[in-house]
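Student: structure for the following, please:
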Amino acid sequence: MLYKTFSKLALAASVAAVFAFSPAQAEKITPGLKSELQGAMIDYIDYNTVDGKFLYLNATQDKVVNYFPANLHPRILQIGDYFVLCSDFKTLDGANVDVDFLAVSVDNEIRVIQALVGQRDVIRRMMKAHMASAG
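Tutor: So this is what the prediction gives:
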């Protein structure tokens, strides 16, 4: 348990350092908030991981699919009140899969509320709808 906690803190610190040099979209988000967002995503992944496998209910296939974390991206998008954190996972046969995590701040606490597997089109539509409503 201590190893997991230390790993989370080390990862959050390294991610926060990377975020200091990230693209314009992420510049609006403070390093402290970035660290909190990454920590919430890691907690969500840990909570939904059993025996090293991230469990995801694929409703179109009517089954639980196992994914394996591979890479956390330094980019965080803010779409209105929501944040999208991007990461790469792998399937059992080694294929890459985009997994995005939707997070929100509630009562000064960051909560990841959903994982979106292979659904970047949903994120693009959210961004487009938000830009249209803001403009």
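Student: give me the number of residues near Phe68?
Tutor: As a burial measure, Phe68 scores 15 neighbours (other Cβ atoms under 10 Å). (Glycine included, C-beta is placed from N, CA and C.)
Student: quick check, it in a strand?
Tutor: Yes: residue state for Phe68 (DSSP: H, G, I helix; E, B strand; the rest coil) corresponds to a strand.
Student: which residue, neighbours along the chain excluded, lies closest to it?
Tutor: Nearest non-adjacent residue to Phe68, counting by Cβ to Cβ, 6 or more residues apart in numbering: Lys90, 4.8 Å away.
Student: from Lys63, how far off is the one you found?
Tutor: With distances taken as Cβ to Cβ, to the nearest Å, Lys90 is found 18 Å from Lys63.
Student: cool, and Lys34?
Tutor: 34 Å.
Student: neighbour-wise, which of those two wins?
Tutor: Lys34 (23 against 9).
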